[in-house]
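# Next input, structure requested:
(one chain, ligands or ions: 1)
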Amino acid sequence: RDAPRLSDRPEKESAAAERERVYRCARCRVLVTRGRWEMAMDGAHERSVFNPAGLVFRIACFREAPGVAEFGASSTEFTWFRGYAWTIGLCRSCGVHLGWRYEGSLEPAVFYGLVRARLVVQEEGPDG
Ligand SMILES: O=C1C=NC(=S)N1
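Numbering: from 1, shown residues only. Sure, this is the predicted structure:
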């Protein structure tokens, strides 16, 4: 693997470094989102969810994800976030499934649940 996956991230990472992180599509490297937009939902930064097909995903929530394009109609079926409807979110550039866009009448009105394994952290600059 040429880019450290999020699971490789050092545990004691400074909040400032986290905010500067750039997350890119693991398949095409387009910019998807940024650390400054990451948010905790119900106190958790990450959560494991599963769909009716039994597929399990480890997702992280972000307030914004410019690299994600919505696909298809929204649904409230089996939503992992009460009060929110979800729409499939694909990579805007290569179309791979990156996660879901959530919309609801709560705060925040919109957020994204993205599959951590489908994102890579942008390579550090020359100073590492
Ligand atoms: O929140 C979600 C997204 N896909 C399923 S299933 N529930």
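
# next one: the lowest-mean-pLDDT helix or strand in the chain to chain centre, how far?
Using mean pLDDT, DSSP states H and E, helix 15-20 stands out as the lowest-scoring helix or strand of the chain, at a mean of 84. In terms of C-alpha atoms, centre = their mean, to the nearest Å, the centre of helix 15-20 is found 16 Å from the chain centre.

# next one: stretch 74-94
Stretch 74-94 sits 12 Å away from the centroid of its parent chain (C-alpha atoms, centre = their mean).

# Return the residues of the protein in contact with the ligand.
Contacts of the chain with the ligand, taken as C-beta under 6 Å from any ligand atom, map to Asn51, Pro52, Phe78, Thr79, Trp80, Trp86, Trp100. Heads up, the C-betas are built off the backbone N, CA and C, glycines and all.

# The last one sits in which helix or strand?
Secondary structure assigned from DSSP states H and E places Trp100 in strand 97-104.

# Just want the angle from the following helix or strand past that strand to strand 97-104.
Using DSSP H and E, the helix or strand that directly follows strand 97-104 along the chain is strand 110-115. If you take axes from the mean of the first three to the mean of the last three C-alpha atoms, to 10 degrees, strand 110-115 sits at 150 degrees to strand 97-104.

# What values do phi and psi take at the closest residue to Pro52 other than its chain neighbours?
Leaving aside its sequence neighbours, Pro52 sits nearest to Phe78 (C-beta to C-beta, 6 or more residues apart in numbering; 5.8 Å). Phe78 adopts backbone torsions of phi 60, psi 40, taken as degrees, to the nearest 10.

# Below-threshold pLDDT in this protein: ranges please.
Scanning the chain for pLDDT under 70 picks out 1-13, 123-128.

# center of it, which residue is that?
In the chain, the centroid-proximal residue (C-alpha atoms, centre = their mean) is Leu114; its distance is 2.4 Å.

# so that one bridges to which residues?
For Leu114, the beta-bridge partners are Ala60, Gly99 (DSSP bridges).
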